[in-house]
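S.K.: Build me a structure from this.
(chains A, B, C and D)
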Number of protein chains: 4
Amino acid sequence: MTAIDWNAELLEQAETLCGAARECARRGWVPATAGNFSFRDASGRIFITRSGLDKGAIQPANLLEIDPEGRVLAGEGKPSAETALHGVLYRRFPGAGATFHVHTVWNTLLSDQFAVLGAVRLENYELLKALSGVSTHEHRELVPILENSQDYLALARELEAALDTYPRAHGVLLRRHGLYTWGESVAGARRHLEALEFLFEVESRRLGVAS
Amino acid sequence: MTAIDWNAELLEQAETLCGAARECARRGWVPATAGNFSFRDASGRIFITRSGLDKGAIQPANLLEIDPEGRVLAGEGKPSAETALHGVLYRRFPGAGATFHVHTVWNTLLSDQFAVLGAVRLENYELLKALSGVSTHEHRELVPILENSQDYLALARELEAALDTYPRAHGVLLRRHGLYTWGESVAGARRHLEALEFLFEVESRRLGVAS
Amino acid sequence: MTAIDWNAELLEQAETLCGAARECARRGWVPATAGNFSFRDASGRIFITRSGLDKGAIQPANLLEIDPEGRVLAGEGKPSAETALHGVLYRRFPGAGATFHVHTVWNTLLSDQFAVLGAVRLENYELLKALSGVSTHEHRELVPILENSQDYLALARELEAALDTYPRAHGVLLRRHGLYTWGESVAGARRHLEALEFLFEVESRRLGVAS
Amino acid sequence: MTAIDWNAELLEQAETLCGAARECARRGWVPATAGNFSFRDASGRIFITRSGLDKGAIQPANLLEIDPEGRVLAGEGKPSAETALHGVLYRRFPGAGATFHVHTVWNTLLSDQFAVLGAVRLENYELLKALSGVSTHEHRELVPILENSQDYLALARELEAALDTYPRAHGVLLRRHGLYTWGESVAGARRHLEALEFLFEVESRRLGVAS
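M.R.: Numbers count the residues shown, from 1 in each chain, chains lettered A, B, ... in the order given. Next up is the predicted model:
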């Protein structure tokens, strides 16, 4: 495989992405090498963390460059099977500049409890205003839940279908698996992640879903 | 906009404020760029964090100087819509030297559960002595709760009214939104914040409000 | 007040004490400037953190030297009202080399729930072996609970009485206030603190005392 | 006792082991000097943390070299009584390159709640794929639970028996004591540890075992 052709601006974005991933590791949101993180630069190039690494020590050298179909273009190491889901999100949302996938205690619990309803409902919280395009707490955010699967092509199709049903979603849950969220930039994806995870914890505790 | 006219003492206070904000970020109390932090120096000048920044990386360069009505006098960037509430507190409490606003899991939960009563009651805890003017655990602290709103002028009036009703309060909750607290200095506001948040967690767990 | 007459060995012990205090601050165990920490060196000199400081930034310069009755001998600043309780413990336990006092969510909750019984019972946990003199999990540790009071002379007498009743205790709780624990050294007091706080959390969660 | 005969590669592995132990300390997983950590290099030499140390400050100089029966070959200090259990695991699993033992709130709670069933069952979680040889969330992991004992020879025999019954286990719980887990390397044992502890917390909260 060829090496990634970095430039200074790309490398700075890569450092920002890796910093966000290391912060997620510090919080326990990517245990056991779980999770993956990607960004897309202004020219459309996409970079993603490779599979099987402790995100607490991730560096730009651990990224792969991929195309929008999720095929590896450059970089060392094995891509995650979930790379295809990042591709779905970048194709669907032209303004998306970063995508994060994390496994947390609260998203795992809520994704199971509300699977039968097909989505988690978050409403009347001030922190909803952290989601792009939301300007009031009087907002109802629906986070769709997909059944988990090891067939990632099937998952990719179900992700497409969920986004047809919930076109204004800011995140998608996989049942007993984790959250995908995205944003206009690394900072934007991180803002969405922090808002959704905060609200998942609040809702879990409020509803007594989890003890 | 003109640049802020710093002097050494002001800059030191600004560093202290930013350090307190970064510590709140580390604890997860200002997720998704939420929250804001301000201080007022001995000569009456007021400085506040600008809107939309990750408080985990905040620096004095990210502050705005405002007047007591919340209008920006100097500095780069957009003020938070909540700047007006800081102004209310500085006008009401001549001894206030700092004001903190945070969104936490426990203050969000309690502010919702007790909204119908209009206030959270905290009593018989040793840590109440961390609140200025309180010298015994045999103290009843009432933390008023305002309904959340995007009309910040209306919120400012309701904050005034709540402080008329609870003139000895050390903090005010906005429902499903967050806490405002203030103190004689940055250290004093931080002491009030840590005491109130500790007691919110204890009360939430003790009462089974949240699981 | 005269300055403390430090020597290299004392200063090293003071640094160790302050490091333990800062670690407690990082864990949220001494919120809002609560808590205090002391050690006694081989020659019998006693040093304690002064009142009203954020323990997250405590340094040897913030210590006071006191006599066993809790009177200040050297150092700058105001002693805590709770200094007398440290004195009780050093007089009662000739082998005690350090005493820690912390306010935590779990010790606050348990101290209230079990106040009517007069003690918290901890038994059949492997971690009990971290307590000096305990060599098996088949041990019953009783942690006495004192009613909280602002009359520290009365509290000191009640602490004496509780230790008459529970002479083998490794810690004492003040109701809705916090824990006192001690050990043969700073490391020993820290080991007792970590063991007791771990077990308080486990018991609170196991019994559903707190949610 | 003779000094350990280090070489550069061994020392690097020792540093990695100690880094993992310090990270466990930061998370509160080895309170009060609890827990122990070992690795086995390619030539079969085994190194383990010595007894009674704060794992938050552990260094390669604090390791002992032992033989597969758990007898100390080199290094300073007292071996843990639990060294024998590390030996059982290295003899049973020729591919094991590291073994971790931790005491956490969630493993303590679950090990008690499920003791009567003899094992904790974890299934249908994506994070199960972090366990070596598991390629789908549709996996049932059984974590056997041994009654706690201070007779470590008897415990070693019961550990052998449990592994006869559950030959594909990735971890073993001691009741109200802690978890043993192992992996092909330090990184592998850490991955297993993080996956199991995450799932213990999720299951405890989901089932309302603990509040």
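
S.K.: Please count neighbours and contacts with C-alpha atoms only from this point.
M.R.: Will do.

S.K.: Correct me if wrong: A:Gly70 contacts A:Ala84.
M.R.: Yes. Judged on Cα atoms under 8 Å, A:Gly70 makes contact with A:Ala84 at a distance of 5.0 Å.

S.K.: how about the strands in chain A?
M.R.: In chain A, the segments counted as strands under DSSP state E are A:36-40, A:46-49, A:63-66, A:72-74, A:98-102, A:119-123, A:140-146, A:171-174, A:178-183.

S.K.: List the beta-bridge partners for the nearest residue to A:Arg40 once chain neighbours are set aside.
M.R.: Nearest in space to A:Arg40, with sequence neighbours left out and distances taken as Cα to Cα, 6 or more residues apart in numbering or on different chains, is A:Ile46 at 4.3 Å. Beta-bridge pairing for A:Ile46 (DSSP bridges): A:Arg40, A:Ile66.

S.K.: and chain A, which residues reach chain D?
M.R.: With the criterion set to Cα under 8 Å from any Cα of the partner chain, chain A comes near chain D through A:31-34, A:105, A:108-109, A:148-150, A:176-177, A:209-211.

S.K.: isn't A:Arg190 right next to B:Thr33, touching?
M.R.: No. Counting by Cα under 8 Å, A:Arg190 sits too far from B:Thr33 to count as a contact (9.6 Å).

S.K.: Who has more neighbours out of these two?
M.R.: A:Arg190 (25 against 21; other Cα atoms under 10 Å in any protein chain shown).

S.K.: ok, that one to chain C distance?
M.R.: Counting by Cα to the nearest Cα, to the nearest Å, the gap from A:Arg190 to chain C is 24 Å.

S.K.: next one: A:Glu65
M.R.: Noted for A:Glu65: a distance of 39 Å to chain C, by Cα to the nearest Cα.

S.K.: which residues touch that residue?
M.R.: Taking Cα atoms under 8 Å, 6 or more residues apart in numbering or on different chains, we find A:Glu65 in contact with A:Ile4, A:Arg45, A:Ile46, A:Phe47, A:Ile48, A:Val72, A:Leu73, A:Ala74, A:Gly75.

S.K.: I'd like to know which of those is nearest to chain B.
M.R.: A:Ile48 (22.4 Å; Cα to the nearest Cα).

S.K.: how many neighbours does the closest residue to the closest one other than its chain neighbours have?
M.R.: Excluding the flanking residues, the one nearest A:Ile48 by Cα to Cα, 6+ apart is A:Ser38, at 4.1 Å. When neighbours are defined as other Cα under 10 Å, A:Ser38 has 28 of them.

S.K.: same check, this time on the one 5 residues further on
M.R.: Other residues within reach of A:Ser43, judged by other Cα under 10 Å, total 6.

S.K.: show me the contacts for it.
M.R.: Contacts for A:Ser43 (Cα under 8 Å, 6+ apart) come out as none.

S.K.: so how far is A:Leu89 from it?
M.R.: Distance of A:Ser43 to A:Leu89, given as Cα to Cα, to the nearest Å: 17 Å.

S.K.: and what of A:Pro79?
M.R.: Applying Cα to Cα, the value for A:Pro79 to A:Leu89 is 17 Å.

S.K.: Only the buried subset of the residues of chain A next to chain D, as a PyMOL command please.
M.R.: The buried residues among the residues of chain A next to chain D can be selected in PyMOL (16 or more other Cα atoms under 10 Å in any protein chain shown) with this line:
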select buried, chain A and resi 31+32+33+34+105+108+109+148+149+176+177+209+210+211
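
S.K.: Need the max-distance pair from the residues of chain A next to chain D.
M.R.: Within those, two members stand farthest from each other by Cα to Cα: A:Gln150 and A:Ser211, at 29.3 Å.

S.K.: With A:Leu17 as the reference, measure out to A:Trp6.
M.R.: Note on A:Trp6: its distance to A:Leu17, by Cα to Cα, is 14 Å.

S.K.: where does chain A have low pLDDT?
M.R.: In the predicted model, chain A carries pLDDT under 70 at residues A:210-211.

S.K.: For the longest helix anywhere in it, which outside residues touch it?
M.R.: For chain A, the longest helix by residue count, based on DSSP state H, is helix A:186-207. For helix A:186-207, the surrounding residues in contact (Cα under 8 Å, 6+ apart) are A:13, A:16-17, A:20, A:39, A:97-100, A:106-107, A:109-110, A:122, A:127-128, A:130-131, A:170, A:181-183, A:210-211, B:31-33, B:105, B:108-109, B:209-211.

S.K.: quick one: buried residues of it?
M.R.: Using 16+ other Cα under 10 Å as the test for burial, helix A:186-207 gives A:186-206.

S.K.: Distance from the chain centre to that helix, please.
M.R.: Distance, stretch centre to chain centre, for helix A:186-207: 12 Å (Cα atoms, centre = their mean, to the nearest Å).

S.K.: same thing with stretch A:65-80?
M.R.: Distance, centroid of stretch A:65-80 to centroid of chain: 17 Å (Cα atoms, centre = their mean).

S.K.: got it, and stretch A:10-22?
M.R.: Averaging C-alpha positions (Cα atoms, centre = their mean) puts stretch A:10-22 15 Å from its chain's average.

S.K.: Can you name the residues in contact with that stretch?
M.R.: Against stretch A:10-22 from outside (Cα under 8 Å, 6+ apart): A:37-39, A:41, A:47, A:55-60, A:186, A:190.

S.K.: Need the buried ones from those residues selected in PyMOL.
M.R.: To isolate the buried members of the contacts of stretch A:10-22 in PyMOL, using 16+ other Cα under 10 Å:
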select buried, chain A and resi 37+38+39+41+47+55+56+58+59+60+186+190
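
S.K.: which one of the contacts of stretch A:10-22 sits closest to C:Leu117?
M.R.: Distance to C:Leu117 across the contacts of stretch A:10-22 (Cα to Cα) is lowest for A:Gly56, with 45.6 Å.

S.K.: wait, that closest one sits on A:Glu23?
M.R.: Yes. Between A:Gly56 and A:Glu23 there is a contact under Cα under 8 Å: 7.4 Å.

S.K.: ok, now how distant is A:Glu147 from chain B?
M.R.: Separation of A:Glu147 from chain B (Cα to the nearest Cα) stands at 26 Å.

S.K.: Not including adjacent chain positions, what is the nearest residue to A:His101?
M.R.: Here the residue nearest A:His101, using Cα to Cα, 6+ apart, is A:Tyr180, at 4.6 Å.

S.K.: That neighbour reaches A:His103, doesn't it?
M.R.: No. If you go by Cα under 8 Å, A:Tyr180 and A:His103 don't touch, sitting 9.3 Å apart.

S.K.: Which one's more surrounded, the two?
M.R.: A:His103 (26 against 23).

S.K.: can you pull the contacts of that one?
M.R.: With contact taken as Cα under 8 Å, 6+ apart, A:His103 is in contact with A:Trp29, A:Val30, A:Pro31, A:Ala34, A:Gly35, A:His177, A:Gly178, A:Leu179.

S.K.: what about the spatially closest residue to the first one that is not a sequence neighbour, neighbour count?
M.R.: Residue nearest to A:Trp29 in three dimensions, not counting chain neighbours: A:Thr104, with 4.9 Å by Cα to Cα, 6+ apart. Burial measure for A:Thr104: 25 neighbouring residues, criterion other Cα under 10 Å.

S.K.: looking at it, A:Thr104 is touching A:Arg176, isn't it?
M.R.: No. In this structure, A:Thr104 is not within contact of A:Arg176 by Cα under 8 Å, at 9.6 Å.

S.K.: CA atoms of stretch A:72-83 as CSV?
M.R.: C-alpha atoms of stretch A:72-83 as CSV (Å, rounded to 0.1, in the frame of the first residue of the first chain):
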residue,chain,number,x,y,z
VAL,A,72,-8.3,1.9,1.2
LEU,A,73,-6.2,4.3,-1.0
ALA,A,74,-3.2,4.7,1.2
GLY,A,75,-1.7,4.0,4.6
GLU,A,76,-0.6,1.0,6.6
GLY,A,77,-2.8,-1.5,8.3
LYS,A,78,-6.3,-3.1,8.2
PRO,A,79,-9.4,-1.0,7.8
SER,A,80,-12.3,-1.6,10.2
ALA,A,81,-15.3,-3.5,8.9
GLU,A,82,-17.3,-0.5,9.8
THR,A,83,-15.5,1.8,7.3
